[in-house]
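S.K.: coords please:
(chains A and B)
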Amino acid sequence: MNNRVVNALAAASLSALLVAGFGGMAGAADPADMVKERQQTMKKLGGGMGAVAKFVKNEGGTQEDAAKGAEAVLAVAKMDAKAVFPTGTAVGVGDSAAKPELWQNWSAAEEKWKAMQPAAMKLAEAIKGGDRAQIGQALGATSKTCGGCHEDFRVKKQ
Amino acid sequence: MRRRALPLTALVLPLALPFVLVTGGGARAADADAVARGGYIFQAAGCLGCHTNEKAGGAPLTGGRALATPFGTFFTPNITPDPVHGIGRWSDADFLRAFREGVRPDGAALFPAFPYASYTRMTDRDLLDLKAYLFAQKPQPVANRPHDLSPPFSWRFLVPGWQLLYMTAGPVADDPSKPAAWNRGRYLVDALGHCGECHTPRSLLGGLDQSRYLAGTPDGPDGDKVPNITPHPAKGLGKWSDSDLAMLLELGLKPDGDVAGGGMGEVVRNTTSKLTAEDRAAIVTYLRGVPPKE
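M.R.: Here you go, the predicted model:
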């Protein structure tokens, strides 16, 4: 068994104990699954941003695909940060790449998460307008909100 | 008002020019140019991030940022023009020597955590413009924090040996067989952007392993895994289009929609997003031509 698996198991059993102790408060979700789920959520953001980028770069993406992409980003941005980053899902759990600092500086992290929403709204609007330069600018502003959080709270793996 | 300003200065300027030259104001105008050019160099060379303790709310360029390395933790110095705590007393020659040779005005060697092994390739003019820019910033009396290094890595007197092994001092002449954009790109990547300081793996003594130039490393700064940016089709960026690369440099956005974080987030924020589109294109041209590595 590799280290990561052992860690994940240890973390999982530890949180099972906690959950049992608190009468099943946190529900039955397995932390490693929660990490997977977060990564899927992030992939949706990536997919959305990628679709817009394709249009901006003029590499075959249509305006409609771009609009759908921005919608997807906006939908995720509206999620509650607590649901995306449940406690106990930092590095060491599953293949999580979330730094423990994300929870230690929760208000900063939550703020970064919330900052995506207005940016994504502007992005959706720009796409409706159809001007590539403006869409590019809005895309840049949105990716800044992603990058700001990744810079502080995500470890680079793989 | 704004509409009138232009013709007015156009009229006054030729009249004022001789006067300015006589009174020495011309030197000041030239200084202002140098400061502006130096500001661009400052961004292209990514000085801000390392010399600012952003997390602790430190003022720009007052240093104190911790750089964790396998050799211990460096705390960057104050590089504002404060005469006591900063570099306010440094002459042009002092400044050139620090960047060109990695030597402080007192003769001690500088640790290569300050990436002068890359900056040594900068031209004199760029270095002096950079100095002009730094000296136009506000002096800040913030004391330096000593590094926290373990011997033998804390011994400055060993650094000249390192320099002999891993550093070739001085600018590299343009390759006339290559287009201007390629040469500019190489200068931006190797001299200013010091991309290899992160993207090229290091030997045990911390020198760059140039046989693996830009091939990535699992042991980057702050524990980052740093990707291969050579044009290798499987392990590098062979599948990225030119505009994919340009977009990464401008916005940090990758082709799959992911956004670069870690040390690269800072590089994009402070450096590559601030460059002219032309300079970003030059970087792309150059990166396309480096030898592909697994």
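
S.K.: out of everything not next to it in sequence, what's closest to residue 87?
M.R.: Picking chain A for this. residue A:103 (5.9 Å; CB to CB, 6 or more residues apart in numbering or on different chains). The C-beta positions use only the backbone N, C-alpha and C, and glycine is treated the same way.

S.K.: Sorry, I should have been clearer: chain B.
M.R.: residue B:79 (5.5 Å).

S.K.: what number of residues lie near residue 63?
M.R.: Using chain A. 14 (other CB atoms under 10 Å in any protein chain shown).

S.K.: Chain B, not that one
M.R.: Look at residue B:63: counted by other CB under 10 Å, it has 24 neighbours.

S.K.: Same check on the one 5 residues further on?
M.R.: For residue B:68, the neighbour count with other CB under 10 Å is 12.

S.K.: One more: residue A:138?
M.R.: Other residues close to residue A:138 by other CB under 10 Å number 24.

S.K.: hmm, back to that, how about the contacts made by the residue nearest to residue B:87?
M.R.: B:47, B:51, B:61, B:63, B:86, B:87, B:134 (CB atoms under 8 Å, 6 or more residues apart in numbering or on different chains).

S.K.: hang on, the earlier thing: next up, the contacts around the residue nearest to residue A:87.
M.R.: Residues in contact with residue A:103 (CB under 8 Å, 6+ apart) are A:85, A:87, A:90, A:109.

S.K.: Can you name the residues of chain B that neighbour chain A?
M.R.: B:220, B:223-226, B:241, B:243-244, B:247, B:250-262, B:265-266, B:268-269, B:273 (CB under 8 Å from any CB of the partner chain).

S.K.: List buried residues within these.
M.R.: B:220, B:224, B:226, B:243-244, B:247, B:250-255, B:257-262, B:265-266, B:268-269, B:273 (16 or more other CB atoms under 10 Å in any protein chain shown).

S.K.: Turn the contacts of residue B:79 into JSON lines, columns for distance to residue A:59 and secondary structure.
M.R.: Formatted as JSON lines, the contacts of residue B:79 follow (distance: CB to CB, whole Å; DSSP: H, G, I helix; E, B strand; the rest coil):
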{"residue": "B:47", "distance to residue A:59": "35", "secondary structure": "helix"}
{"residue": "B:51", "distance to residue A:59": "38", "secondary structure": "coil"}
{"residue": "B:61", "distance to residue A:59": "40", "secondary structure": "coil"}
{"residue": "B:63", "distance to residue A:59": "43", "secondary structure": "strand"}
{"residue": "B:86", "distance to residue A:59": "47", "secondary structure": "coil"}
{"residue": "B:87", "distance to residue A:59": "46", "secondary structure": "coil"}
{"residue": "B:134", "distance to residue A:59": "41", "secondary structure": "helix"}
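
S.K.: contacting residues around the helix or strand harbouring residue B:282?
M.R.: Applying DSSP states H and E as the criterion places residue B:282 in helix B:277-288. Residues outside helix B:277-288 that contact it (CB under 8 Å, 6+ apart): B:44, B:179, B:181-182, B:184-186, B:188-189, B:193, B:214, B:229-231, B:237, B:242, B:245-246, B:249-250, B:272, B:275.

S.K.: can you check stretch B:92-100 too?
M.R.: Here stretch B:92-100 makes contact (CB under 8 Å, 6+ apart) with B:87, B:90, B:103-105, B:110, B:116, B:119-120, B:122, B:124, B:127-128, B:131, B:169-170.

S.K.: before we move on, the earlier item: buried set for the helix holding residue B:282?
M.R.: Neighbour-count burial for helix B:277-288 [16+ other CB under 10 Å]: B:279, B:280, B:281, B:282, B:283, B:284, B:285, B:286, B:287, B:288.

S.K.: which residue sits closest to residue 46, ignoring its sequence neighbours?
M.R.: Since no chain was named, I'll use chain A. Per CB to CB, 6+ apart, closest to residue A:46 is residue B:257, 3.4 Å.

S.K.: let's do chain B instead
M.R.: residue B:271 (4.5 Å).

S.K.: so what does the strand or helix carrying residue B:128 touch, helix or strand wise?
M.R.: Following DSSP H and E, one finds residue B:128 within helix B:124-135. Counting by 3 or more CB pairs under 8 Å, 6 or more residues apart in numbering or on different chains; DSSP states H and E, the packing neighbours recorded for helix B:124-135 are helix B:25-44, helix B:92-101.

S.K.: now it, how far from the chain's geometric center?
M.R.: Helix B:124-135 has its C-alpha centroid displaced from the chain centroid by 12 Å (CA atoms, centre = their mean, to the nearest Å).

S.K.: could you say what helices and strands whichever helix or strand comes after it packs with?
M.R.: The first helix or strand that comes after helix B:124-135 along the chain, using DSSP H and E, is strand B:148-149. If contacts are counted by 3+ CB pairs under 8 Å, 6+ apart, strand B:148-149 sits against strand B:72-75.

S.K.: buried sites along the strand it packs on?
M.R.: Buried residues in strand B:72-75 (16+ other CB under 10 Å): B:72, B:74, B:75.
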